[in-house]
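Enquirer: With the sequence up front, the predicted model follows.
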Amino acid sequence: MQNAFWWIRQVILTVVACFFCVFGIHALIAAYKLKDPFTFIMAFFSSNLIILISATVVAGLVIRMVKACKNSKNTTE
């Protein structure tokens with residue numbers, strides 16, 4: 001089993017990545033309220049990039065924690 005600091009760090013990073021994912025969704029919703037087409041395009045693509053990167057980080061961290069949990073169960077048996 002990994003030490004407690006590793007798990008705390010993984011959970012904190014996952015929460016931060018989830019925050020940025022929600023922030024990206026709010027930015028995407030706000031982009032649709034813009035009137036200028038250029039500003040809309042820039043806000044739209046930037047919010048999608050924020051969502052994409054943060055969702056990838058969340059998926060990677062969750063997969064890493066699941067693998068660590070499975071490895072700790074295999075070593076204890």
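Expert: Structure's in. What do you need? Residues are numbered from 1 along each chain as shown.
Enquirer: Next one: residue 36 relative to residue 42, how far apart?
Expert: Using CB to CB, to the nearest Å, we find residue 36 at a distance of 9 Å from residue 42. C-beta here means a position set from N, CA and C on the backbone, and glycine is covered the same way.
Enquirer: And for residue 60?
Expert: Residue 60 sits 27 Å away from residue 42, going by CB to CB.
Enquirer: Likewise for residue 8?
Expert: 37 Å.
Enquirer: same thing with residue 17?
Expert: Using CB to CB, we find residue 17 at a distance of 23 Å from residue 42.
Enquirer: more crowded one of the two?
Expert: The neighbour comparison of residue 17 against residue 42 (other CB atoms under 10 Å) goes to residue 17, with 20 against 13.
Enquirer: Give me the helices and strands touching the worst-scoring helix or strand of the chain on mean pLDDT, please.
Expert: Lowest on mean pLDDT, DSSP states H and E among the helices and strands of the chain sits helix 37-76, with a mean of 92. In terms of contacts (3 or more CB pairs under 8 Å, 6 or more residues apart in numbering; DSSP states H and E), helix 37-76 is packed against helix 4-31.
Enquirer: Tell me the buried residues in the helix it packs on?
Expert: 10, 14, 17, 20, 21, 24, 27, 28, 31 (16 or more other CB atoms under 10 Å).
Enquirer: how many other residues sit next to residue 45?
Expert: For residue 45, using other CB under 10 Å, the count is 12.
Enquirer: next one: stretch 63-77 to chain centre, how far?
Expert: Chain-centre distance of stretch 63-77: 22 Å, with CA atoms, centre = their mean, to the nearest Å.
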